[in-house]
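Novice: Return atomic coordinates for the entry below.
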Amino acid sequence: MISPDDRVTYHIFGDAKEFLRMHNHLDTVFSLQEECEDRDSLIFHRTPWSEEHEVIQTADRIIICEDDEFEGWNILWMLRAYYIVPGRIDLRSNRKAPGLSYFGTNESIYSPEHILRTGLNAVAIAMNNLFRQEHPDALDWDDLPDYLRQSKIAASEHMFTKVRILLSDENISKLSFQALAKAYRVYQENIKDPALLDLYRQIEHQRWLRFYSYYNWTYGDTYDQGLRQDPRIRPYEQLTPKQQTHGDNAWELIGEIRLSEDEDS
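Specialist: Now for the predicted structure:
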């Protein structure tokens, strides 16, 4: 989630019946099965990818993520042999190959970025502890439902994107603690501008809304965990001024990570 003004159409190939049965509120955030000008679009194809030449040859990016790694390499070979593919191709693979963007290698799993991700999970726990200080009845991390833990972790993992936004650099490939410190200083300065503060809140709300829609939460006048209803499950412009601030802590976490590293060192 980079900007509330960006529009992306995702074409997904594979058997999605079970996925769509389980996640039946995606239309809260996405346009399903047709492109839309004011929302991102998810188009699930029942036909094999090999029959959708126009989709493949006009894609800005193709991600091959087969459970069977050899099948993934076979798809890559067919794409290169029979298609004109101007966009970037990413392949899930434990093997390296020249000129290929890949993910899932041992080197990427045990990289400094992975260690930082572990740190982000710790920040998610710290964020929950801070929340409990303000709400004594709130649950401890170990007692939280899985979706709430995942929600806080997802907020931490979006830190990479937030740093790119604040530093106006989409090419940042490594998230150093120096970059975090610089980004937080930019954030503190930028939120003095009401328009930028509102933009950051829109970005975080849309990220948050996607996550909760994935877990089948819907709008309700009051918060009800049992019914999975929340009054914030609606477009940002329909939120009350107080509700619009609900994602501020996610931006403030950039500073928390920086301070945490300073203390460790």
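Novice: so what secondary structure elements neighbour the host helix or strand of His11?
Specialist: For His11, the host element (DSSP states H and E) is strand 9-13. Helices and strands touching strand 9-13, by 3 or more Cβ pairs under 8 Å, 6 or more residues apart in numbering; DSSP states H and E, are strand 41-45. Where C-beta positions appear, they are placed from N, C-alpha and C, glycine not excepted.
Novice: I'd like to know the average pLDDT value across the helix or strand following the strand it packs on.
Specialist: Downstream of strand 41-45, the first helix or strand assigned by DSSP H and E is helix 53-58. Taken as a whole, helix 53-58 has a mean pLDDT of 92.
Novice: Give me the buried positions along helix 53-58.
Specialist: If you call a residue buried by 16 or more other Cβ atoms under 10 Å, then helix 53-58 has these buried ones: 55-56.
Novice: export stretch 122-142 as PDB, just CAs?
Specialist: Only the C-alpha atoms of stretch 122-142 are listed here, as PDB (Å, rounded to 0.1, in the frame of the first residue of the first chain):
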ATOM      1  CA  ALA A 122       9.200  -7.900  18.600                       C
ATOM      2  CA  VAL A 123       8.000  -4.300  17.900                       C
ATOM      3  CA  ALA A 124       4.500  -5.700  17.300                       C
ATOM      4  CA  ILE A 125       4.700  -7.200  20.800                       C
ATOM      5  CA  ALA A 126       5.900  -3.900  22.200                       C
ATOM      6  CA  MET A 127       3.000  -2.100  20.400                       C
ATOM      7  CA  ASN A 128       0.500  -4.500  22.100                       C
ATOM      8  CA  ASN A 129       2.100  -3.800  25.500                       C
ATOM      9  CA  LEU A 130       1.800  -0.100  25.000                       C
ATOM     10  CA  PHE A 131      -1.900  -0.600  24.000                       C
ATOM     11  CA  ARG A 132      -2.400  -2.600  27.200                       C
ATOM     12  CA  GLN A 133      -1.000   0.300  29.300                       C
ATOM     13  CA  GLU A 134      -3.900   2.500  27.900                       C
ATOM     14  CA  HIS A 135      -6.400  -0.300  28.000                       C
ATOM     15  CA  PRO A 136      -5.800  -2.500  31.200                       C
ATOM     16  CA  ASP A 137      -8.400  -5.000  30.100                       C
ATOM     17  CA  ALA A 138      -6.600  -5.700  26.800                       C
ATOM     18  CA  LEU A 139      -5.100  -9.200  26.300                       C
ATOM     19  CA  ASP A 140      -1.500 -10.100  26.700                       C
ATOM     20  CA  TRP A 141       0.400 -11.000  23.400                       C
ATOM     21  CA  ASP A 142       0.300 -14.700  24.100                       C
END
